[in-house]
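**Student:** Mind folding the following:
(chains A, B and C)
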Amino acid sequence: MKKNKHNTEFYLRLYKQMTKIRVFEDNANQLYLDAKMPGLTHMYSGEEAVAVGICEALRISDKITSTHRGHGHCMAKGANFNQMFCELLGKVEGYCRGKGGSMHIADQANGNLGANAIVGGSMGIATGSALRAKLQQSDDVTVCFFGDGATAQGLMYEVMNMAALWQLPIIYACENNGYSEYTTTEEIAAGSILERARAFGIEAFNVDGQDVIAVNKLASDLVEKARKGKGPFFIELMTYRYHGHHVGDINRTYYRSKKEELDWKNNRDPIQILGSFLETEGIASDAELMEIRSTISREAKDAVDYALNAAYPDISEVDMHVFQEV
Amino acid sequence: MPEITLSQAVNQAIAEEMRRDSNVFLIGEDVAEAGTPFKVTSGLVEEFSTERVIDTPISEPGFMGLAVGAAMTGSRPIVDLMFGDFLFLVMDQLCNQAAKIHYMSGGKLNVPLVLRTNLGATRRSAAQHSQSLHALVAHVPGLKVAMPSSAYEAKGLLKTAIRDNNPVVIFEDKLMYQDKAFVPDEEYLLPFGEAAILREGSDVTLIGTSSMRQVCERAAILLDKDGINAEVIDPRTIVPLDENTILNSVKKTSRAIVVDEGHQNFGTTAEIASRISEKAFYYLDAPVIRMGAMDVPIPFSPVLEDLTVPTAERVAENARKIVSGELVHAL
Amino acid sequence: MPYEIKMPQLGMNQDSATIVTWLKNEGDGVNKGDPVFEVETDKATMEVEAQASGYLSAIQVELGVEVPVGNLIATIVENKKDVLKSIQEPYSDDKNQSVADDGSKIEHETITEKSNEVTPEIGDLSFKIDTNSKDLSKKTGSSPNEKVLASPKAKVIAAERGLDMRRLIARGLKEPIHSADIMGLQSGEQSQLMAVVQDRLLLELIQTSEDIDKGNIFASFLLGSWHFLFPDKFLHVQINKLDGSVSLFKEDILPEEGAEEVLVSIINLCDTRLFSYSSGQNGNVLSVSHSNDTFILNFSFNVADIKLQEAAFLLNELAERVEDPIRQLI
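**Tutor:** Model prediction:
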């Protein structure tokens, strides 16, 4: 905690990582609007502090599982622009050789066990990874990202129960962005989300998901405890997604008001919040931050061009990788 | 060579593999002290401790998902699913996750897990504990499916399954756990995708999975008396399926009956029969006959339940018909 | 740098939409996030927001006209002085004008001409069934005559042996036919052909020498015909007499090793009143009789040995030689 307070490099890294996610999403969104991207994707814009705050508390060897809204987690866990754009466009240089796409993007080398198109579908996998860590006496921690909507899935309770019974090194990170597709959280989650975890004897915390420093502080603390066998833990992060449920969900005032969206964008933007903090504390100037943003924008644009021109998988790959052949 | 029960064969296979590779562990309901209701895993917890023989709450989707995650990150779990009927509970984790992860990740992640479960009716357990659902999982690309027909196959196939880097579902016939067979003392593995010809013949090929292999063997003995010479084949694994052995046999005999305990409609028999019709068409002197469980939920009353599964007598009867040129299923 | 507003993709499987209202006019200041125009798809009407700040310039499309996704609609320029009027009739300042109705419509083609830069690079994203080409050209198989009910294996055997199963059925074989039913038909079915030829020239030839055995003459004519037509198949000819005696007609050539060998028996009925002969067994018999200035050549043959067409050629050739013996010498 205190050691990070004057760590300029660290703060700038937080800023860069969040900016990378924002820029990636803006470009991905544009690719969709330009009809250059197959299928749909789900934007993480607005939630950057959650992924970055948590992943910055993890080592490369720690694992995460992601959701259908997974670009943020992927980027925060160390992915690069080129391979991510390639995957979204179905090109062979993508993280999954174009075979997974946005909703199944995985970055095995960086410990990202994959996005999941099934809501709550990763929970078993994350908990299993933690079980494996305990069985193999490895000190890596697993973070399971999921949304408030996933708290409606039975699997969550099954795996939290087992995680608590066996004290598994896992952190359940609930990204509560207030909406479950087109329905508000109040309408789909009875009672309290935190109490659900506490019912299993799991310590549960609430944090402002737009404050990356607060997120990181809490996450670091819990990760270290989990590493020592004191897990599992549950975090509820209050956040907001700027875009619709998916990129095609443009006309959405019927379930979410513009006023509310603008309020979050203007007053609670995680990148702006960190930016202001850095400027106020004299850690970075406005010009420096703008420089960071434009550098990243350029890199992203180059990556988009790269991906647009990159090759598709050869057709012979269609029936490869069904099984791992020895 | 000693004779051991199917239950002992499974137990031995698990124990041997757990000794060989410390990443292998067993997880399921009542697998530790209780050794499962079928007593197949008794004694393992004494040797391997509760660290590696893990009792779970009654959370099938939960522990299936855990197994997937553990397998993806370095372990080699064996999941015990108490009844094959519970497959329906684990389908998302098994079929949407485990089966597809290797493919969706472009080959970068894999899931070396074994799901051990059972099949088979006539135990008077009624509809929700008597199903043979292997066709369901055989239908999903990315899963391998093994069907041992005796203690010998059970041990050899399970060891292969545990060493396979892909998700494998292995079905044991719950009524055969006490049936004995000769099992070598020395270590042996049975490869996937290799069928066994248990009896050679020239007039008709009988293909039987799991306990239907014994049904076909008994039918062959009955047919001997009629001068009909039946060849009996056990596919051993349906994914991958050893087509060549089956097709070569049918080329020789020109007639085939496929016998399986899954429901007759839309199941394993349909798949094998279709492949024979497609690939050995010009060698057929009779339509390929499917014999599966009756297409009804399995009834409780013994009198009714026993009607729903193929028997040696009915297999022999169908064989006589097709040898004499009669149609089994009329237009 | 000017920002190009293109028709966005607003839903899956949607590839065009219609602008129904302009919410900003050319020359108006626009902030990023401001709604600029309203668009109607087949699902709903929705607002499209500006993705950049500046001044709206160079509107390229008409209201009420369907515009493909990706097409250039207008531009946002940084400075007001850079604002270009659209290439069409300028819009009036009336914000609520819906459709340009002054009659000076520009051809649809020029507006929606696809600019290459926005061509989707991925091509067909959705699988489109071309409903125009409905003629899935049927494979015209052979016209189904009466279908024979037989197992695939039986059909293969029948085809190999040249058996016509319909004939077999007509002669009493019961359907469905299995291979066991035709396995017993070892040599295929027996057929018959007959030829009638003028006797004059051959009789003249015969009368030139005495004691010529007509059977031998026909045998050598038959051999001649056979060698002419089927040089690769070897013919043995057997002379059968009415007293039951059988003798092989001498040949001066021997069959090649591995060559197919066929046997035909000849029976000469010319000096009798008898007309034809067949033995009732499977085999090939040529009986020759004579009546009213004609020779009658009656050929009973087994299709396993000699196919129908071969027999026809053979008998025809023989008939021609009998009618004009010079042929035999050539």
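**Student:** any weak-confidence spans in chain C?
**Tutor:** Residues of chain C that meet the criterion pLDDT under 70 lie in C:12-13, C:86-146, C:184-188, C:210-211, C:257-258, C:280-282.
**Student:** okay, now the domains of it?
**Tutor:** Domain segmentation of chain C under automatic domain parsing yields C:3-118, C:139-185, C:190-329.
**Student:** wait, which of those is closest to chain B?
**Tutor:** For the domains of chain C, proximity to chain B was assessed by C-beta to the nearest C-beta; domain C:139-185 is nearest, at 4.4 Å. To be clear about C-beta, it is placed using only N, CA and C from the backbone, and glycine gets the same treatment.
**Student:** roughly how far out does the closest one sit from the chain middle?
**Tutor:** Computed by C-alpha atoms, centre = their mean, to the nearest Å, the chain-centroid distance of domain C:139-185 equals 23 Å.
**Student:** Turn the domains of chain C into JSON lines, columns for mean neighbour count.
**Tutor:** Shown next, in JSON lines, are the domains of chain C (neighbours: other C-beta atoms under 10 Å in any protein chain shown):
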{"stretch": "domain C:3-118", "mean neighbour count": "16"}
{"stretch": "domain C:139-185", "mean neighbour count": "14"}
{"stretch": "domain C:190-329", "mean neighbour count": "16"}
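**Student:** For chain A, which of these is the nearest?
**Tutor:** domain C:3-118 (3.7 Å).
**Student:** Near chain B, which residues of the stretch 101-250 of chain A? Just list them.
**Tutor:** Neighbours of chain B within the stretch 101-250 of chain A, by C-beta under 8 Å from any C-beta of the partner chain: A:104, A:106, A:108, A:113-114, A:116, A:118, A:121, A:123-133, A:135-136, A:142, A:154-155, A:158-159, A:161-162, A:165.
**Student:** Any of those residues buried? List them.
**Tutor:** Neighbour counting with 16 or more other C-beta atoms under 10 Å in any protein chain shown marks A:104, A:106, A:108, A:113-114, A:116, A:118, A:121, A:123-133, A:135-136, A:142, A:155, A:158-159, A:161-162 as buried within these.
**Student:** Now intersect those with the helices, please.
**Tutor:** A:123-133, A:135, A:155, A:158-159, A:161-162 (DSSP state H).
**Student:** re the thing from before, which one of the domains of chain C lies closest to B:His263?
**Tutor:** domain C:139-185 (27.9 Å; C-beta to C-beta).
**Student:** close to chain B, is the closest one?
**Tutor:** Yes. Counting by C-beta under 8 Å from any C-beta, chain B is contacted by domain C:139-185 at C:151-156, C:176, C:178-180.
**Student:** Keep only those of the residues you listed that are in strands.
**Tutor:** Residues of those located in strands (DSSP state E): none.
**Student:** Let's see which of these end up in helices.
**Tutor:** Using DSSP H, the residues of domain C:139-185 next to chain B in helices are C:152-156, C:179-180.
**Student:** Helix or strand: which one has C:Leu193?
**Tutor:** strand C:190-198 (DSSP states H and E).
**Student:** Find the centremost residue of the chain, please.
**Tutor:** No chain in the question, so chain A it is. Nearest to the centroid of the C-alpha atoms of chain A, with distances taken as C-alpha atoms, centre = their mean, sits A:His73, at 2.8 Å.
**Student:** ah, I was thinking of chain B
**Tutor:** B:Met147 (2.0 Å).
**Student:** okay, now the domains of chain B?
**Tutor:** Per automatic domain parsing, the structural domains of chain B span B:3-182, B:196-323.
**Student:** Which of these sits closest to chain C?
**Tutor:** domain B:196-323 (4.4 Å).
**Student:** what about the strands in chain B?
**Tutor:** Assigned by DSSP E, chain B shows strands spanning B:3-5, B:24-28, B:53-55, B:76-80, B:114-119, B:144-146, B:168-173, B:180-182, B:196-199, B:204-208, B:230-234, B:237-239, B:256-263, B:289-293.
**Student:** For chain A, find the nearest of those strands.
**Tutor:** It is, among these and with distance given as C-beta to the nearest C-beta, strand B:24-28, at 6.1 Å.
**Student:** Strand partners (parallel or antiparallel) of the closest one?
**Tutor:** Applying DSSP bridges, strand B:24-28 is found paired with strand B:53-55 (parallel), strand B:76-80 (parallel).
**Student:** just checking, which of these sits deepest inside the structure?
**Tutor:** Burial of the strands paired with strand B:24-28 is given as mean neighbour count (mean count of other C-beta atoms under 10 Å in any protein chain shown); strand B:76-80 ranks first at a mean of 27.
**Student:** Those residues of the stretch 151-300 of chain B touching chain A, which are they?
**Tutor:** Residues of the stretch 151-300 of chain B lying near chain A (C-beta under 8 Å from any C-beta): B:165-166.
**Student:** sorry, back to before: just say helix, strand or coil for the residue nearest to the centre of chain A.
**Tutor:** helix (DSSP: H, G, I helix; E, B strand; the rest coil).
**Student:** thinking again about what came up before, the strands of chain B into JSON lines, with extra columns for mean pLDDT?
**Tutor:** Shown next, in JSON lines, are these (pLDDT from 0 to 100):
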{"stretch": "strand B:3-5", "mean pLDDT": "97"}
{"stretch": "strand B:24-28", "mean pLDDT": "98"}
{"stretch": "strand B:53-55", "mean pLDDT": "97"}
{"stretch": "strand B:76-80", "mean pLDDT": "98"}
{"stretch": "strand B:114-119", "mean pLDDT": "98"}
{"stretch": "strand B:144-146", "mean pLDDT": "98"}
{"stretch": "strand B:168-173", "mean pLDDT": "98"}
{"stretch": "strand B:180-182", "mean pLDDT": "97"}
{"stretch": "strand B:196-199", "mean pLDDT": "98"}
{"stretch": "strand B:204-208", "mean pLDDT": "98"}
{"stretch": "strand B:230-234", "mean pLDDT": "98"}
{"stretch": "strand B:237-239", "mean pLDDT": "98"}
{"stretch": "strand B:256-263", "mean pLDDT": "98"}
{"stretch": "strand B:289-293", "mean pLDDT": "97"}
